[in-house]
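Undergrad: no sequence on this one, just coordinates:
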């Protein structure tokens with residue numbers, strides 16, 4: 001008789017407490033960089049920028065200087081929240097004709113749009129949108145930081161010179177996307193040098209992989225300044241490489257790129273003030289979902305009941321339907337800033353001893369973005385064009401110079417007692433459901449950060465009816481299965497990632513701190529300065 005052997009793993013990263021601030025990122029090396037910046041006297045924005053730049057060298061499949069993002073900042077001295085928007089934008093010459101439709105759904109792992117011939121909106125040169133990362137991060141530093149650019153980028157320069165650490169997880173990532181990486185000459189040369197993914201040794205000194213000319217590019221940015229990325233020699237080199245591979249991004253696209261510094265969208269919820277980015281993020285959908293949720297979830301329990309979880313799933317269904325039909329920058333799109341009523345990404349959170357708190361989400365979109373690495377700079381470019389609905393004539397259709405709808409949702413919550421917490425996640429369209437539930441866990445059920453970060457969640461994000469973590473209580477799973485025919489009960493494992501990967505950092509009213517980073521991100525760490 002054949003027997004099946006099952007392994008049962010219970011992996012947990014306990015929440016971390018501190019009296020000197022906290023930094024939570026998806027990679028321990030980046031967390032350590034941010035913590036050192038705080039230790040040396042920098043503020044939360046300095047630490048967030050330093051840690052974010054570092055992530056592009058140790059977690060290149062998630063984010064980097066070829067992408068974009070959003071930063072939400074609580075400024076304690078002013079008791080004010082500001083948002084820095086540096087999302088990606090379509091090249092000026094982009095048209096819907098570049099992305100002819102074919103039969104089938106689900107080619108885009110961002111929104112489950114209709115498929116495009118050759119998948120050219122998902123990978124390759126036509127999938128690349130104009131990157132805003134360098135301008136956004138440097139502008140945030142200039143306006144809200146306390147250190148200069150050359151100082152803050154130094155740790156990332158050193159990590160880029162050291163190279164990408166090769167362990168089982170980086171090997172797994174490269175292996176998983178080898179079929180796509182092999183299509184671009186430089187990506188193939190770097191990641192698959194001998195025709196195979198790199199494999200590090202189990203013991204002994206850590207092996208590293210040099211990411212093309214990325215280290216030289218970081219040093220160039222340090223010495224010449226961030227504007228070189230958009231108007232200088234680096235911009236000229238990038239656009240030459242981009243033209244060579246067939247991208248539509250021109251020098252004009254880079255030089256004309258602008259960031260925005262705005263006030264957040266605000267939602268009062270359970271006596272707290274929830275602050276999220278607006279415009280083209282998932283922030284407006286989070287506000288809409290909270291407006292629905294406060295009418296159907298009863299406070300006072302220690303955790304969500306079966307009825308609460310079903311109500312959460314229905315709320316997410318309703319909001320996603322509205323989101324994909326109505327939101328967008330084009331004609332006919334509803335204004336996301338109106339607070340409507342009824343991707344492989346990286347997130348980090350920072351809090352400092354002056355009371356400042358940062359929630360930052362940055363991305364190159366899919367794993368390894370467009371899978372196009374620029375030969376002369378080592379920059380791995382985003383595939384932000386897949387954020388657009390490829391069907392023409394809709395609010396979120398492709399148009400030259402337009403910003404696409406995206407899934408990022410870095411939130412800051414000001415609590416009634418004076419505490420402030422940053423929360424966000426990575427995971428494409430799974431980000432917003434994760435952030436919504438974590439806010440609900442903390443405000444509706446008064447969970448601790450440790451309880452909230454590890455509590456079973458659902459995902460409702462447009463691809464399936466409901467996915468629910470397998471460690472949820474049996475009665476909750478039974479209720480969700482009964483309510484939604486296409487429910488999937490899934491473990492929250494390392495691969496595949498079926499749920500968003502969130503982080504929380506909180507400054508409590510007594511000026512202490514706690515924070516958590518959720519498994520299954522094996523490298524995630526909450527670091528104490």
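TA: It's in. Everything quoted here is computed from the prediction, not taken from an experiment.
Undergrad: any idea how far residue 241 lies from residue 135?
TA: For residue 241, the distance to residue 135 (CB to CB, to the nearest Å) stands at 19 Å. For glycine as for every other residue, the C-beta is placed from the backbone atoms N, C-alpha and C.
Undergrad: And residue 391, by the same measure?
TA: 30 Å.
Undergrad: Give me the more crowded residue out of these two.
TA: residue 135 (20 against 15; other CB atoms under 10 Å).
Undergrad: a helix runs through that one, doesn't it?
TA: Yes. Per DSSP: H, G, I helix; E, B strand; the rest coil, residue 135 lies within a helix segment.
Undergrad: so the spatially closest residue to residue 172 that is not a sequence neighbour, which of the three states?
TA: Nearest non-adjacent residue to residue 172, counting by CB to CB, 6 or more residues apart in numbering: residue 495, 6.6 Å away. Here residue 495 is coil, with the state taken from three-state DSSP.
Undergrad: any idea of the pLDDT on residue 495?
TA: At residue 495, the pLDDT value in this model is 70.
Undergrad: try residue 340
TA: Looking at residue 340, its pLDDT stands at 32.
Undergrad: Doesn't residue 46 lie inside a strand?
TA: No. Looking at residue 46 with three-state DSSP, it is helix, so not inside a strand.
Undergrad: shouldn't residue 252 be in contact with residue 92?
TA: Yes. At 6.6 Å, residue 252 counts as touching residue 92 under the criterion of CB atoms under 8 Å.
Undergrad: So which of those two has more stuff around it?
TA: Per other CB under 10 Å, whichever of residue 252 and residue 92 has more neighbours is residue 92, with 16 against 12.
Undergrad: which ones are touching the more buried one?
TA: Counting by CB atoms under 8 Å, 6 or more residues apart in numbering, residue 92 makes contact with 250, 252, 253, 256, 400, 401.
Undergrad: Repeat that for residue 180.
TA: For residue 180, counting by CB under 8 Å, 6+ apart, the contacting residues are 123, 368, 371.
Undergrad: ok, of these, which one's closest to residue 349?
TA: Using CB to CB, residue 368 is the member of the contacts of residue 180 that sits closest to residue 349, with 24.5 Å.
Undergrad: Closest one to residue 500 out of the contacts of residue 180, please.
TA: When the contacts of residue 180 are compared for distance to residue 500 (CB to CB), residue 368 comes out closest, at 19.4 Å.
Undergrad: Quick check: which ranges of the protein have low pLDDT?
TA: Scanning the chain for pLDDT under 70 picks out 1-11, 104-112, 202, 324-344, 462-464, 519-520.
Undergrad: what about stretch 457-468, how long is it end to end?
TA: With CA to CA, to the nearest Å as the measure, stretch 457-468 spans 6 Å from end to end.
Undergrad: Give me the buried positions along stretch 216-224.
TA: For stretch 216-224, a neighbour-count test (16 or more other CB atoms under 10 Å) marks 217, 218, 220, 221, 222 as buried.
Undergrad: As JSON lines, those residues with distance to residue 457 and secondary structure would be great.
TA: Listed next are the buried residues of stretch 216-224 as JSON lines, based on distance: CB to CB, whole Å; DSSP: H, G, I helix; E, B strand; the rest coil:
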{"residue": "217", "distance to residue 457": "38", "secondary structure": "helix"}
{"residue": "218", "distance to residue 457": "36", "secondary structure": "helix"}
{"residue": "220", "distance to residue 457": "42", "secondary structure": "helix"}
{"residue": "221", "distance to residue 457": "38", "secondary structure": "helix"}
{"residue": "222", "distance to residue 457": "40", "secondary structure": "helix"}
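Undergrad: Could you pull out the helices in the stretch 151-300 of the chain for me?
TA: Ranges of helices in the stretch 151-300 of the chain, per DSSP state H, counting those that start in this stretch, are 168-176, 178-181, 185-191, 214-224, 228-231, 233-245, 251-255, 283-293.
Undergrad: Quickly compare those and say which is most buried.
TA: Of all those, helix 283-293 carries the top mean neighbour count, a mean of 24, counting by mean count of other CB atoms under 10 Å.
Undergrad: What's the local residue count around residue 375?
TA: Per other CB under 10 Å, the neighbour tally for residue 375 reads 20.
Undergrad: Quick one: closest of the helices of the stretch 151-300 of the chain to residue 310.
TA: Closest approach to residue 310 among these is made by helix 283-293 (12.2 Å; CB to CB).
Undergrad: right, and the helix or strand after that closest one?
TA: Moving toward the C-terminus from helix 283-293, the next helix or strand (DSSP states H and E) is helix 306-326.
Undergrad: Which strands or helices does that following helix pack on?
TA: helix 283-293, helix 431-444, strand 458-459, helix 474-483 (3 or more CB pairs under 8 Å, 6 or more residues apart in numbering; DSSP states H and E).
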